[in-house]
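Asker: Provide a 3D model corresponding to the input given below.
(chains A, B and C)
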Amino acid sequence: MISYTSYLTVTTPERYEIRDITEEVERVRREARLADGTILVSSMHITSSIFVNDHESGLWSDLQTWLEKLAPAGLDYRHHLTGEDNADAHLKRSILGHQVIVPVTKSRLDLGPWERVHYGEFDGRRPKRILFKAMGLAE
Amino acid sequence: MISYTSYLTVTTPERYEIRDITEEVERVRREARLADGTILVSSMHITSSIFVNDHESGLWSDLQTWLEKLAPAGLDYRHHLTGEDNADAHLKRSILGHQVIVPVTKSRLDLGPWERVHYGEFDGRRPKRILFKAMGLAE
Amino acid sequence: MISYTSYLTVTTPERYEIRDITEEVERVRREARLADGTILVSSMHITSSIFVNDHESGLWSDLQTWLEKLAPAGLDYRHHLTGEDNADAHLKRSILGHQVIVPVTKSRLDLGPWERVHYGEFDGRRPKRILFKAMGLAE
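Answerer: Numbering: from 1, shown residues only, chains lettered A, B, ... in the order given. All right, here's what the predicted structure looks like:
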């Protein structure tokens, strides 16, 4: 059994951004030489998400509009008494989740036809880290 | 360490459906002869969910009513400019999540008394695949 | 490869509570002597959550207020026809999720600077169990 860990630092130019990181997951699989198993992809920050959905810019826009409706920025959150202004980011990331498990079979990411792994940033303009951990049987 | 992968194709007669698939997870455990470890259960489509909740039809109805309120069908979504009409399904599945990890201990699914694994379909009437990957120590 | 399983029973004095359980995850890591791998932390009950967020009481209050808005108690839920009164708890836990995977690297929980593992109770005052399963390479 192998276990291989890698980190990626992302700094988005805007506060909110959705980005397809599937190629990074495939890079980690290759580096790990993982033939069969899983790759954990997990945001190490509490104001961003990792999720699986369609790579389609209209849908990304819908997701952002929808999250803003369910968890609006600028409300009178108690978290802001600490000096922070990002309580909405903590709530938005709770809806989409902060980690996914990507299955690997026969040395390939075992994803459905439209499944893509995404990073969702809700408090960007600063460096954020993503952890990848590949576990399973080596090539 | 063993790693065993299985797929299940589901075609629901209706657009929306909630279905208990715990027996399928137990079938995969038996086939894998997994004594201790985990079974990843993951929807391979981006408009359906895998989640753990109570097997109770009233609750299933509540879940569907609630998801419709939080992520309504028929709004003017940008995703629909592509010709699709299922943006609500992408949002609904985001709330319930698209995968769960089922722990296995002493050759049994290690679930609490009311925990059941469910498939949630939000854009059915077409074949959808579910991936199961059992990893851990063999019997 | 090792696989080590542990359970924790929690009985909260109130119906709703958020509690930091990161120290319990670290305890399981030590007991398992896990050097590299993952620890699954999963609620065995369908009215409570496991999630990762900031250890900050203002944010915990915001989370509870927000969940109450999205999934209110006291509505006319069909689940209540069974005699239960906790349908809102089933919905609230669906938003935050019921399990997380904690990565372990070099014999430490591999968490970001503000990542803490939390238990979210939405129908307390009774014993609830949390499952921990540590898998990977031993020290």
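Asker: what about residue A:17, how many neighbours?
Answerer: Applying the criterion other Cβ atoms under 10 Å in any protein chain shown, we find 17 residues in the vicinity of residue A:17. All C-beta spots, glycine's among them, are computed from the backbone N, C-alpha and C.
Asker: So the residue in chain A that chain B sits nearest to: helix, strand or coil?
Answerer: Chain B sits closest to residue A:112 of chain A, with a gap of 3.1 Å, by Cβ to the nearest Cβ. The assignment at residue A:112 comes out as coil when based on DSSP: H, G, I helix; E, B strand; the rest coil.
Asker: and what of residue A:25?
Answerer: helix.
Asker: how far away is it from residue A:50?
Answerer: Residue A:25 sits 10 Å away from residue A:50, taking Cβ to Cβ, to the nearest Å as the criterion.
Asker: what's the overlap in contacts for the two?
Answerer: Overlap between the neighbourhoods of residue A:25 and residue A:50 consists of A:41, A:117, taking contacts as Cβ atoms under 8 Å, 6 or more residues apart in numbering or on different chains.
Asker: from what I can see the residue of chain A closest to chain B touches residue B:48, true?
Answerer: No - Residue A:112 lies out of contact with residue B:48 (Cβ atoms under 8 Å); the separation is 9.9 Å.
Asker: Those two - which one has more neighbours?
Answerer: Taking other Cβ under 10 Å, residue A:112 and residue B:48 do not tie; residue B:48 has more neighbours (25 against 18).
Asker: What does the residue nearest to that one when sequence neighbours are not counted show for phi and psi?
Answerer: Nearest in space to residue B:48, with sequence neighbours left out and distances taken as Cβ to Cβ, 6 or more residues apart in numbering or on different chains, is residue B:121 at 5.0 Å. Backbone torsions of residue B:121, given as degrees, to the nearest 10, read phi -100, psi 130.
Asker: Then residue A:102?
Answerer: Taking degrees, to the nearest 10, you get phi -100, psi 120 for the backbone angles of residue A:102.
Asker: try the one 5 residues further on
Answerer: As for residue A:107, its main-chain torsions (degrees, to the nearest 10) stand at phi 60, psi 20.
Asker: who are the neighbours in contact with it?
Answerer: When contacts are counted by Cβ under 8 Å, 6+ apart, residue A:107 touches A:29, A:34-36, A:139.
Asker: ditto for residue A:94
Answerer: Residues in contact with residue A:94 (Cβ under 8 Å, 6+ apart) are A:71, C:51, C:53, C:63, C:95-97.
Asker: which of those residues come close to chain B?
Answerer: Intersecting these with the surroundings of chain B, defined as Cβ under 8 Å from any Cβ of the partner chain, gives C:95, C:97.
Asker: ok, and the most crowded of the contacts of residue A:94?
Answerer: In the contacts of residue A:94, the most neighbours by other Cβ under 10 Å go to residue C:63, 27 neighbours.
Asker: ok so that one is a helix residue?
Answerer: Yes - inclusion of residue C:63 in a helix is indicated when three-state DSSP is applied.
Asker: wait, doesn't residue A:34 sit right on residue A:2?
Answerer: Yes - using Cβ under 8 Å, residue A:34 and residue A:2 qualify as a contacting pair, with a distance of 6.9 Å.
Asker: For those two, list the residues in contact with both.
Answerer: A:134-138.
Asker: So for residue A:51, what's the pLDDT?
Answerer: The predicted local confidence for residue A:51 comes out at a pLDDT of 98.
Asker: Run through the bridge partners of it.
Answerer: residue A:118 (DSSP bridges).
Asker: So it is in contact with residue A:120, correct?
Answerer: Yes - applying Cβ under 8 Å as the test, residue A:51 and residue A:120 come out as touching, 6.2 Å apart.
Asker: who touches both of the two?
Answerer: residue A:96.
Asker: Need the nearest residue in space to residue A:29, chain neighbours excluded.
Answerer: residue A:104 (5.8 Å).
Asker: Where does the one you found fall, secondary structure wise?
Answerer: Mapping residue A:104 onto the secondary structure by DSSP states H and E places it in strand A:99-105.
Asker: Name every strand pairing with the helix or strand that that strand is followed by and say which way it goes.
Answerer: Once the chain leaves strand A:99-105, the next helix or strand it forms, by DSSP H and E, is strand A:108-109. Strands flanking strand A:108-109 in the sheet, each with its direction: strand A:99-105 (antiparallel) (DSSP bridges).
Asker: tell me the average confidence for the partner strand?
Answerer: On average, the pLDDT along strand A:99-105 is 98.
Asker: Other residues contacting that strand?
Answerer: For strand A:99-105, contacts defined as Cβ under 8 Å, 6+ apart pick out A:25, A:29, A:34-43, A:50-52, A:109-111, A:117, A:134, A:136, B:5, B:40, B:42, B:98-99, B:101, B:131, B:133, C:100-101.
Asker: Try it again at 6 Å.
Answerer: A:25, A:29, A:34, A:36-42, A:50, A:52, A:109-110, B:5, B:40, B:131, B:133 (Cβ atoms under 6 Å, 6 or more residues apart in numbering or on different chains).
Asker: repeat for stretch A:130-139
Answerer: For stretch A:130-139, the external contacting residues (Cβ under 6 Å, 6+ apart) are A:2-8, A:28, A:32-44, A:107, B:3, C:103.
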